[in-house]
Every structure is written in structure tokens, then in C-alpha cells.
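**Q** quick one: sequence plus predicted model below, questions after.
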Amino acid sequence: MWEKNEIRKWVKEQREALDAATQTLWDESICRQVLNTPAIRRAFCVFCYASFGKEAGTWKLMEALWNQGKYIALPKVSGKNLEFYAISGKRDLEEGVMGIMEPKPTCLRIWDEGAPVVVPGLAFDKSGNRIGYGGGYYDRFFKQEPDHFRLAIGYGFQLFESLPAEPHDIPMNRIITP
């Protein structure tokens, strides 16, 4: 079995090789599937993330959710933890930790332990295990707030038969690929 850092490196290489047309098609497929997920359909508020680079895209998804009248909250790093803040568009974002777009300080912090969370990651397996970027932010968040429906999105090459998992790793409830 590969080490986590080997998996991270391999997946990043595969993502960088993606052409724009394929990425757009895959993101549209992921968006349709996420919108048809019961936990998302029932939700009043959805915790999401601002995709960057060649990550599975979330911008079309967020636009569709706003069009359905749902609230969107994105994470902001606070020390070693994530806090979620409501946004209504890209204008509410600024560059944060690791160059990732985060809500501006003027955004309202949201506490909604029933909100489904669309989770980023580099690799996933069929048991729901996830390898992120190595900061442990989402694992700490889900340890503090375990009742969220955890929905990971990624491309087919990011899905593995099994991944190395540690006791503190929190598995996803569902993983969506194109």
C-alpha cells in the first residue's frame, strides 16, 4: 500500500494533467449528483468549500444552491480549527491560509450542526476514508461536530480501493465522482 504523501503527489499530478473540457464535464456531473443527494435537497444551509486550481469544482454547485434559496457557508481557518461563515458570492471572499479563498471578516459565522458538508480531499476509498492536504482541519471539525452529513467530491482517479487510515481520521458518509 502507498504512503499518504505518495498518494497526495500522484493525485496532484493526475489533476494537473486534466484538460479544461474534461474538468468542466466532470464538475457538471458531480454537481448534478450532489444536488440530487437527499441530505443536500433537505438542507437549509450547506457547508461547502471554495475550490481552487484543479480541485473538483464547487462554483457551479454553489450557484445552483443559491438559486434554490439555500444558504452557503465556507470555512475559514482559525488557529488549528475551521469555522464556517455565510457567503453570497465570490465578492465575500479573500485569500486565506495556503492561498485558499476564505470568507471575509465581515461575513456572519454560522453554527448549524445539521448542515451537510461538501468536503475537499486528494484521495478517497470505498470505505469512506479520505486523505486531505495534511492539516487535519476537517477531522478536528468533525470530531467537534460529529452530526454533519459528510459528502466528499472528487474525480474517478481519486477513488482508491483502500487507503491508509488512522484512528483520528473521520470517514465520509458518501463520496461522489463523475
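**A** Yep, that arrived.
**Q** okay, helices next: where are they in the protein?
**A** 4-16, 20-35, 38-42, 59-67, 137-144 (DSSP state H).
**Q** alpha carbons of stretch 7-21, in PDB - could you do that?
**A** Output in PDB follows, covering the C-alpha atoms of stretch 7-21 (Å, rounded to 0.1, in the frame of the first residue of the first chain):
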ATOM      1  CA  ILE A   7      -0.800   9.200  -2.800                       C
ATOM      2  CA  ARG A   8      -1.000  13.000  -2.500                       C
ATOM      3  CA  LYS A   9       1.800  13.500  -5.000                       C
ATOM      4  CA  TRP A  10       0.300  11.100  -7.500                       C
ATOM      5  CA  VAL A  11      -3.200  12.600  -7.300                       C
ATOM      6  CA  LYS A  12      -1.900  16.100  -7.700                       C
ATOM      7  CA  GLU A  13       0.000  15.000 -10.800                       C
ATOM      8  CA  GLN A  14      -3.200  13.400 -12.300                       C
ATOM      9  CA  ARG A  15      -5.200  16.600 -11.500                       C
ATOM     10  CA  GLU A  16      -2.600  18.800 -13.200                       C
ATOM     11  CA  ALA A  17      -2.800  16.700 -16.300                       C
ATOM     12  CA  LEU A  18      -6.600  17.300 -16.600                       C
ATOM     13  CA  ASP A  19      -7.700  19.300 -19.600                       C
ATOM     14  CA  ALA A  20     -10.300  22.100 -19.000                       C
ATOM     15  CA  ALA A  21     -13.100  20.500 -21.100                       C
END
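**Q** turn the helices of the chain into a markdown table, including mean neighbour count and distance to Arg150.
**A** For glycine as for every other residue, the C-beta is placed from the backbone atoms N, C-alpha and C. Output for those, formatted as a markdown table (neighbours: other Cβ atoms under 10 Å; distance: least, Cβ to Cβ, whole Å):
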| stretch | mean neighbour count | distance to Arg150 |
| --- | --- | --- |
| helix 4-16 | 14 | 19 |
| helix 20-35 | 16 | 13 |
| helix 38-42 | 14 | 9 |
| helix 59-67 | 17 | 16 |
| helix 137-144 | 16 | 6 |
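**Q** export these to JSON lines and tack on mean pLDDT and distance to Ile131?
**A** Converted to JSON lines, these look like this (pLDDT from 0 to 100; distance: least, Cβ to Cβ, whole Å):
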{"stretch": "helix 4-16", "mean pLDDT": "92", "distance to Ile131": "5"}
{"stretch": "helix 20-35", "mean pLDDT": "96", "distance to Ile131": "18"}
{"stretch": "helix 38-42", "mean pLDDT": "97", "distance to Ile131": "23"}
{"stretch": "helix 59-67", "mean pLDDT": "96", "distance to Ile131": "22"}
{"stretch": "helix 137-144", "mean pLDDT": "94", "distance to Ile131": "11"}
